[in-house]
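> give me a 3D structure for the following:
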Amino acid sequence: MQCGDVRRVLVTWVGRTDLRAPTESEAVGLGPIAQALDAREFDEVFLLSDYAESQVKPYVKWISGRSKARIDLLFREALGTDELRRDLRGGSPMLPARAR
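Now for the predicted structure:
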């Protein structure tokens, strides 16, 4: 990336439909995250999850094949609405500095 370029960053929570998409796409479709990655190009994707690592890792492997973006998985307990807003606005200390 050159100086002055705008980074395209997606910060999103992994939901149940996302986790079902790799094996149940006929029933649930691709899921919101895969749809976003198909529709736009991102430089980095930060996936926030409160699901068990064993549930999310296969999804990350699947979604990584759909995008050239660097994909980071960050585990976090479920949040209330105010905390979620803060996280998605980049004000959370749990997000790496490059995501803020």
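> list phi and psi for R7.
R7 adopts backbone torsions of phi -80, psi 140, taken as degrees, to the nearest 10.
> once you drop chain neighbours, what's closest to it?
Leaving aside its chain neighbours, R7 sits nearest to D43 (5.0 Å; criterion: CB to CB, 6 or more residues apart in numbering). Bear in mind the C-beta positions are built from the backbone N, C-alpha and C, glycine included.
> burial of the one you found, as a residue count?
For D43, the neighbour count with other CB atoms under 10 Å is 16.
> pLDDT score for it?
If you check D43, the pLDDT there is 95.
> how about the one 5 residues further on?
For L48, the model assigns a pLDDT of 89.
> again with D87
Listed pLDDT for D87 reads 61.
> who are the packing partners of the helix or strand containing A21?
Using DSSP states H and E, A21 sits within helix 16-28. The contact analysis (3 or more CB pairs under 8 Å, 6 or more residues apart in numbering; DSSP states H and E) places helix 16-28 against helix 32-39, helix 53-64.
> which of those helices sits closest to D18?
helix 32-39 (5.0 Å; CB to CB).
> orientation of that closest one relative to helix 53-64 in degrees?
With axes from the mean of the first three to the mean of the last three CA atoms, to 10 degrees as the basis, helix 32-39 and helix 53-64 are set at 20 degrees to each other.
> dump the residue contacts of K68.
Residues near K68 by CB atoms under 8 Å, 6 or more residues apart in numbering: E41.
> tell me the SS of it?
What DSSP: H, G, I helix; E, B strand; the rest coil gives for K68 is coil.
> if I look at it, how far off is P22?
Taking CB to CB, to the nearest Å as the measure, K68 falls 19 Å from P22.
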